[in-house]
Every structure is written in structure tokens, then in C-alpha cells.
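Undergrad: Have a look at this fold, sequence not included:
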């Protein structure tokens with residue numbers, strides 16, 4: 001597909017990415033690549049995780065931010081830099097600025113997770129909380145840049161940012177030279193564009209699949225229209241890819257070089273995050289788990305070996321708790337049911353002994369005695385159980401019914 005979107009910047013090419021890699025030597029880590037036995041079994045071919053969640057600052061964002069700031073003139077550096085972000089870009093800009101001796105100011109939404117705000121400050125940036133959505137924060141940062149002369153560091157819409165993120169693609173080709181498919185999350189498009197530039201120039205046969213959250217998918221309508229299209233409501237837990245409009249610069253590269261863009265649901269994101277934690281022992285944020293969600297949703301459609309890019313691991317603990325609960329529910333790890341029994345001493349103990357045999361863990365229990373459907377000597381017990389999965393849920397239910405109980409599942 002042709003690059004139809006005009007912009008004032010030159011296109012990003014392989015030499016730019018290679019130059020960025022030299023610049024990042026000793027700054028960004030070559031993050032490890034880990035195999036996933038579970039996903040390999042589902043796909044029918046090797047699946048590897050490229051662990052950018054283990055990068056400095058907890059995401060790939062340091063790469064692009066450092067290259068962009070390092071490329072500033074002495075006059076621009078003296079004026080300082082400013083950025084707007086809810087987390088990962090903020091930390092990348094803060095650390096890159098500190099390493100390069102440049103003053104940085106980062107605008108973050110009022111509701112930004114406290115650990116991300118604290119980390120950004122610890123990296124050396126002045127943090128200003130403004131606005132309740134990223135668009136408001138972005139406007140404040142741009143206004144600050146106009147008033148002070150500070151250089152605005154965009155999170156994805158600049159060639160230097162794209163070149164820096166593209167260094168991930170060079171590492172993937174070195175660490176997994178037999179790769180046939182790379183799966184990467186897409187927000188504004190800087191990471192996917194950079195990887196595509198690097199990989200397609202060296203291995204044009206490698207298929208690159210982008211993944212967006214269904215509730216914040218700006219690329220499908222933009223690709224259909226042939227130019228960046230802004231979407232309205234953004235509803236997703238994956239704040240790292242929660243972007244309402246593709247960047248002008250990355251859009252053209254994604255349009256030309258990325259083979260496919262898929263979407264995943266919130267339930268699939270929860271299941272993917274849970275899998276990363278349980279099976280791979282990796283803490284990954286929802287945006288970083290989006291490639292895993294795509295693999296889980298349709299594993300047989302991917303040609304292996306596959307590399308899934310875990311782009312970040314900066315997740316708020318409270319959000320992690322909610323996501324894990326949701327993921328466990330989606331994976332069939334919880335079972336809610338109501339059991340009818342005779343209301344007499346010892347009846348509950350007998351019921352619990354059946355659950356003990358069935359190896360189900362009781363999370364919550366409640367009695368119902370006032371329902372008009374119940375007989376004079378009957379009661380019902382509401383149970384919320386933790387199980388080992390869907391098959392175990394069926395075994396627990398069968399065990400209760402086999403013991404003579406009337407069971408109603410939710």
C-alpha cells in the first residue's frame with residue numbers, strides 16, 4: 001500500500017534504525033527472549049516472548065525517547081523538553097533526559113497511577129498533574145512548549161521516536177533468526193512502524209501483525225479510509241495503546257509495511273495477562289499482553305515461529321488485582337452456585353465435606369432461608385468457589401449432584 005499521508009518529516013529507513021541502535025548502546029538493554037511452551041502447543045509452532053517489560057523504565061519507550069532527545073541541538077537541549085503521558089512515555093522521557101543532562105517537564109493526568117507518577121519523578125522529571133484525560137494533558141504540554149520554548153517530545157509521531165523503537169526489530173531478528181511472524185501491540189503506531197521498517201528491510205517474508213484493543217481501535221477505520229481517522233469513545237484497560245488517532249508519520253509506515261491489524265477484547269486481554277503471570281512468571285501490563293491475547297484468540301492462524309512482543313510491565317497494583325480477578329473469572333477459575341439442603345444441624349458441615357472431597361476452595365458463603373420457594377425445613381446456600389478451571393467446575397457440580405443436592409449455577 002502506498003504512503004498517502006503527507007508530513008514534514010523524511011521517511012524512516014533501515015539506516016536510521018541502525019544509527020539509533022548505535023546511539024542506544026549502553027543505554028537500552030537487549031531484553032531477553034523467552035519461549036512459551038503453552039502458546040507453542042496452541043499455535044503448533046515455537047512461540048517466543050520478546051520481554052520489553054524488562055527494559056529500563058519497564059517498557060520500550062526509553063529507546064525512542066533517548067534517540068529523539070539525543071538528536072536535539074545544543075540550543076534545543078538548553079531549552080529543556082516537555083512530554084505528556086499517563087506512564088510509560090513519561091518515564092522514558094524522564095530517564096533519557098537525566099542521562100543526557102536535559103531538563104524535563106512531564107504532564108500527567110490527575111488520575112495517573114501513583115507508582116508511575118513517583119517513578120517519573122524519581123527519574124528526575126518535574127511532574128505536573130493536569131487534566132483527567134490524555135487529550136487535556138497533551139494540550140497542556142503543548143501550551144507549555146509554546147510558552148517556554150521547551151521541545152515537545154511526542155510519544156510516537158516523529159521519525160526519531162520510530163527509529164528508536166525499531167531497534168527492537170533488529171534484536172528480534174538476531175535473537176530469533178528463524179522468526180516468521182511478529183505480533184506487536186499498536187497504539188499510535190510508533191513501535192509497530194519502527195519494527196516494520198527494520199524487519200521488512202532485512203526479512204520481507206516475515207509477517208507483522210498489529211494488535212489493538214477493540215475499545216480503542218483507531219487503525220482499522222484509518223486503514224480503510226487511507227488516512228488517519230480520529231475515533232470517539234475510548235474504552236479499554238490497556239492505557240498503553242489507548243490512542244484515539246494514529247500518528248501521521250507512523251500511519252504511512254504501518255499502512256505500507258504491517259501485514260494485518262487485529263483487535264482483542266477486554267476479556268482476552270485479562271486472560272493474556274493472567275497467562276503471562278502464571279505460565280511465564282512475567283508481570284505484563286494490558287497493552288503489553290495484547291499480542292498474547294491475539295494468539296490466544298486464534299492460535300491456528302499464526303505461522304510460526306512467532307515472536308510476541310511484551311511491550312511493557314508498568315501496571316498499577318490495584319488495576320492488576322482487578323485484572324487478575326477478571327482474568328480468572330474469564331478462564332473459568334471461579335464457580336458461583338446455589339445449593340438447596342435440609343435446614344438442620346450438621347447439614348452445612350456435610351455440604352462442606354463434599355466440597356473438600358471435590359478440592360474446591362470456598363471464597364464466600366451465604367445462607368438463604370426467607371425465599372418463598374423454600375419449604376418449611378429447607379434452606380439454600382450461596383457458594384462462591386475457586387476452582388482449577390472449567391473442567392474442575394463441572395467435576396465440582398457433578399460431585400454435589402451425585403451427593404443428592406439440588407444445584408443451581410449462575
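TA: Nice, thanks for sending it over. As the structure is a computational prediction, the values presented were derived from the model and not from experiment. Residues are numbered from 1 along each chain as shown.

Undergrad: quick one: pLDDT of the closest residue to residue 284 other than its chain neighbours?
TA: Spatially, and ignoring its direct neighbours in sequence, residue 284 is nearest to residue 276 (4.4 Å; C-beta to C-beta, 6 or more residues apart in numbering). Where you see a C-beta, it was placed from the backbone N, CA and C, and this is true even at glycine. The model reports residue 276 with a pLDDT of 92.

Undergrad: mind checking how far the helix or strand where residue 276 lies is from the chain centre?
TA: Secondary-structure element containing residue 276, defined by DSSP states H and E: helix 266-279. Put simply, helix 266-279 sits 10 Å off its chain's centre (C-alpha atoms, centre = their mean, to the nearest Å).

Undergrad: Give me the contact list for it.
TA: 36-39, 49, 213-215, 236-238, 264, 282-286, 289-290, 292-297, 310, 315, 320, 323-324, 326-328, 330-331 (C-beta atoms under 8 Å, 6 or more residues apart in numbering).

Undergrad: Name the residues that touch stretch 19-32?
TA: 50-52, 54-56, 62-63, 66-67, 70, 96, 99, 160, 163-164, 166-167, 170-171, 175.

Undergrad: Return the subset of the residues you listed lying in helices.
TA: Judged by DSSP state H, those include 62-63, 66-67, 70, 96, 99, 160, 163-164, 166-167, 170-171, 175 as members of helices.

Undergrad: so where's the protein shaky on pLDDT?
TA: Residues of the chain meeting the criterion pLDDT under 70: 1-10, 133, 327, 374-375, 409-410.

Undergrad: could you redo the last one with a cut-off of 50?
TA: Counting by pLDDT under 50, the chain shows low-confidence ranges at 1-7.

Undergrad: burial of residue 175, as a residue count?
TA: 15 (other C-beta atoms under 10 Å).

Undergrad: which ones are touching it?
TA: Taking C-beta under 8 Å, 6+ apart as the test, what residue 175 contacts is 30, 33, 48, 50.

Undergrad: distance of the most centrally placed residue in the chain from residue 244?
TA: Nearest to the mean C-alpha position of the chain, counting by C-alpha atoms, centre = their mean, stands residue 287 at 1.3 Å. Look at residue 287 and residue 244: by C-beta to C-beta, to the nearest Å, they are 15 Å apart.

Undergrad: Find the nearest non-adjacent residue to residue 237, please.
TA: residue 286 (4.8 Å).

Undergrad: actually residue 116, not the one I wrote
TA: residue 87 (3.9 Å).

Undergrad: Return the distance of residue 229 relative to residue 217.
TA: Distance from residue 229 to residue 217, by C-beta to C-beta: 11 Å.

Undergrad: Name the residue in these two with the higher neighbour count.
TA: The neighbour count for residue 229 versus residue 217, taken as other C-beta under 10 Å, is higher for residue 217 (21 against 17).

Undergrad: Pretty sure that one sits against residue 265.
TA: No: between residue 217 and residue 265 there is no contact under C-beta atoms under 8 Å: 10.9 Å.

Undergrad: returning to what we had before: so which of the contacts of residue 175 is the most crowded?
TA: Most surrounded of the contacts of residue 175: other C-beta under 10 Å gives residue 50, at 28 neighbours.

Undergrad: Next, give phi and psi for the nearest residue to that residue once chain neighbours are set aside.
TA: Leaving out its chain neighbours, the residue that sits closest to residue 50 by C-beta to C-beta, 6+ apart is residue 309, at 4.7 Å. Torsion angles at residue 309 (phi, psi; degrees, to the nearest 10) stand at phi -90, psi 110.

Undergrad: In this structure residue 309 contacts residue 290, no?
TA: No: using C-beta under 8 Å, residue 309 is not in contact with residue 290; the gap is 9.2 Å.

Undergrad: any residues in contact with both of those two?
TA: By C-beta under 8 Å, 6+ apart, the residues touching both residue 309 and residue 290 are residue 185.

Undergrad: Who has more neighbours out of those two?
TA: Relative neighbour count places residue 290 above the other of residue 309 and residue 290, with 35 against 28, counting by other C-beta under 10 Å.

Undergrad: number of nearby residues for the nearest residue to the more buried one once chain neighbours are set aside?
TA: Distances taken as C-beta to C-beta, 6+ apart put residue 185 closest to residue 290, at 3.9 Å, once the chain neighbours are dropped. Using other C-beta under 10 Å, residue 185 has 30 neighbouring residues.

Undergrad: which residues does residue 185 form a beta bridge with?
TA: Taking DSSP bridges as the rule, residue 185 bridges to residue 211.

Undergrad: Tell me who's in contact with it.
TA: 191-192, 210-212, 238, 240-241, 287-288, 290-291, 309, 311.

Undergrad: just residue 114 next, same as before
TA: residue 316.

Undergrad: how close does it sit to residue 316?
TA: Relative to residue 316, and taking C-beta to C-beta, residue 114 is found at 8 Å.

Undergrad: do the same with residue 106
TA: Taking C-beta to C-beta, one finds residue 106 at 17 Å from residue 316.

Undergrad: Tell me which of those two has more neighbours.
TA: residue 106 (29 against 17).

Undergrad: Now that one: which helix or strand?
TA: strand 104-108.

Undergrad: now do residue 337
TA: Short version, using DSSP H and E: residue 337 is in strand 334-342.

Undergrad: Quick check: next helix or strand after the helix holding residue 276?
TA: Heading C-terminal from helix 266-279 (DSSP H and E), you reach helix 290-297.

Undergrad: quick one: that following helix to helix 266-279, angle?
TA: If you take axes from the mean of the first three to the mean of the last three C-alpha atoms, to 10 degrees, helix 290-297 sits at 100 degrees to helix 266-279.

Undergrad: Which elements pack onto helix 290-297?
TA: Judged by 3 or more C-beta pairs under 8 Å, 6 or more residues apart in numbering; DSSP states H and E, helix 290-297 is in contact with helix 37-43, strand 181-185, strand 207-213, strand 260-264, helix 266-279, strand 306-310.
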